[in-house]
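Q: Quick one, fold the following:
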Amino acid sequence: MDADDFTAVLSEVRRFVRERVVPLEAEIDETDEMPADIREAAKKMGLFGFALPEEYGGLGLSMYEEARLMFELGYTTPSLRSMFGTNNGIAGHVLMVGGTKDQKASWLPRIASGEVLASFALTEPDAGSDPSTLTTRAHREGDTWVINGAKRYITNAPLADVFMVFARTDPDAPRTRGISTFLVPAGTPGLTVAPKDHKMGQFGAWTADVYFDDVRVPDEALVGGEDGLDRGFHTAMGCIAHGRVHISSLCVGMAERLVDESVEYARTRKQSGKAIGSYQLVQGLIADSMTDYYAGRATVLEAARAFDAGTDTKIGPSCAKYFASEMVWRVADRAVQVHGGAGYMRGVAVERFYRDARLFRIYEGTSQIQQVIIAKALLGEAARG
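A: Predicted structure coming up:
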């Protein structure tokens, strides 16, 4: 995107986040729902397709530009980003990476506009950190595929119009082979979405289990057509690598907000007749958080540059996701500490962000999985013992 145009986009999003969404955070947390007018405004701003190609109606942002946009979106409740995150990220990228020309033409313009909400159905009750162990199956019957299985914690499932479903199509193939991806529209007979989950935090972002009981889809639903057969695991890993940089950027945005909340409270809260910011131990907490935020921002931007260049699409995303998710958790913990008893009260921003931040160390691959990925990529055969 032209630099001036991108600057204008960032400015508009910043204003939208800080003037319209931030004042609604407590309401969103209490009602567990994103207001309809915020959803419509996000559609008009192109936020449902910022990472999708311009030829399909998206903004076509690079990973570096996306990271900077996510810094702005991360400044408020993560349920805002979650509303359109799957369209831009792991679900939309399934079609970008592996879809046929016809599949892209049919679905991506509607996904980019927000007309269609896409969901990424990979995780299962017994296949989370290692999706190669998934047991959902699909077999051919004539010119249709029959899908059976269950998925867990699927983001936007209660609202989704289409699911990108990963299923084992060759039970005899090695674990990372024999997996394919299917486009399954909501409402397809046999597809059932369970009631939304009641989570610790990130209210307003809905997840739910999804069940497939003899769900039948045509051959055209196989992502990538015959060329996509048994390539589902490879497609998923590529999408998740992008998602790790995406989530890392969100963590940085939240860290900035937490630093701002901590600084403002330390400036205005009085103890023994003077601002608590005058106490050096409080100053130390804030200095540590600012340093963490600064390091996280630099790490994510470097990972985004390398991702765009194609020089590092594995270690960099994992390092960024690992560091940024752990970083924002430390910053959130310090923010509560700076606020003291007030930080433990519902209705105070840092208490809500403390709950919200905890999930970042789990999804898109836990911190422990990132450690394994990084170490194995560096050590090679030595890591296998």
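Q: Strands of this structure, start to end?
A: Ranges of strands in the chain, per DSSP state E, are 118-121, 137-141, 144-155, 162-168, 179-185, 191-193, 207-218, 270-271, 274-275.
Q: Adding mean pLDDT, write those out as TSV.
A: Formatted as TSV, the strands of the chain follow (pLDDT from 0 to 100):
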stretch	mean pLDDT
strand 118-121	95
strand 137-141	96
strand 144-155	97
strand 162-168	96
strand 179-185	96
strand 191-193	98
strand 207-218	98
strand 270-271	94
strand 274-275	96
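Q: which stretch among those comes nearest Met70?
A: With distances scored as CB to CB, the stretch of these nearest to Met70 is strand 144-155 (15.9 Å). For every residue, glycine as well, the C-beta is placed using N, CA and C.
Q: Would you convert the strands of the chain into JSON lines that also reports mean neighbour count and distance to Ala41?
A: JSON lines is the format used below for the strands of the chain (neighbours: other CB atoms under 10 Å; distance: least, CB to CB, whole Å):
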{"stretch": "strand 118-121", "mean neighbour count": "27", "distance to Ala41": "20"}
{"stretch": "strand 137-141", "mean neighbour count": "15", "distance to Ala41": "38"}
{"stretch": "strand 144-155", "mean neighbour count": "21", "distance to Ala41": "21"}
{"stretch": "strand 162-168", "mean neighbour count": "26", "distance to Ala41": "23"}
{"stretch": "strand 179-185", "mean neighbour count": "24", "distance to Ala41": "26"}
{"stretch": "strand 191-193", "mean neighbour count": "17", "distance to Ala41": "26"}
{"stretch": "strand 207-218", "mean neighbour count": "19", "distance to Ala41": "23"}
{"stretch": "strand 270-271", "mean neighbour count": "10", "distance to Ala41": "39"}
{"stretch": "strand 274-275", "mean neighbour count": "12", "distance to Ala41": "37"}
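Q: Adding distance to Arg346, write those out as a markdown table.
A: Formatted as a markdown table, these follow (distance: least, CB to CB, whole Å):
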| stretch | distance to Arg346 |
| --- | --- |
| strand 118-121 | 30 |
| strand 137-141 | 44 |
| strand 144-155 | 24 |
| strand 162-168 | 34 |
| strand 179-185 | 38 |
| strand 191-193 | 29 |
| strand 207-218 | 22 |
| strand 270-271 | 23 |
| strand 274-275 | 25 |
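Q: Looking at those, which is nearest to Thr76?
A: Comparing the strands of the chain by their distance to Thr76 (CB to CB), the top pick is strand 144-155, with 17.7 Å.
Q: and the angle from that closest one to strand 162-168?
A: Orientation of strand 144-155 against strand 162-168 (axes from the mean of the first three to the mean of the last three CA atoms, to 10 degrees) gives an angle of 110 degrees.
Q: neighbouring strands for strand 144-155, and are they parallel or not?
A: Next to strand 144-155 in the sheet, as set by DSSP bridges, lie strand 137-141 (antiparallel), strand 207-218 (antiparallel).
Q: how about these in JSON lines, adding distance to Lys196?
A: Listed next are the strands paired with strand 144-155 as JSON lines, based on distance: least, CB to CB, whole Å:
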{"stretch": "strand 137-141", "distance to Lys196": "26"}
{"stretch": "strand 207-218", "distance to Lys196": "5"}
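Q: Mind checking those strands for the one nearest to Asp260?
A: Among the strands paired with strand 144-155, the nearest to Asp260 by CB to CB is strand 207-218 (28.5 Å).
Q: Output that closest one in PDB with nothing but the alpha carbons.
A: Presented in PDB, the C-alpha positions along strand 207-218 are these (Å, rounded to 0.1, in the frame of the first residue of the first chain):
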ATOM      1  CA  THR A 207     -15.900 -19.900  20.600                       C
ATOM      2  CA  ALA A 208     -17.800 -23.200  20.500                       C
ATOM      3  CA  ASP A 209     -17.500 -26.900  19.700                       C
ATOM      4  CA  VAL A 210     -18.600 -28.000  16.200                       C
ATOM      5  CA  TYR A 211     -19.900 -31.500  15.300                       C
ATOM      6  CA  PHE A 212     -20.000 -33.300  12.000                       C
ATOM      7  CA  ASP A 213     -22.400 -36.200  11.600                       C
ATOM      8  CA  ASP A 214     -22.300 -37.600   8.100                       C
ATOM      9  CA  VAL A 215     -21.900 -34.100   6.700                       C
ATOM     10  CA  ARG A 216     -22.000 -34.300   2.900                       C
ATOM     11  CA  VAL A 217     -20.200 -31.800   0.700                       C
ATOM     12  CA  PRO A 218     -19.500 -31.900  -3.100                       C
END
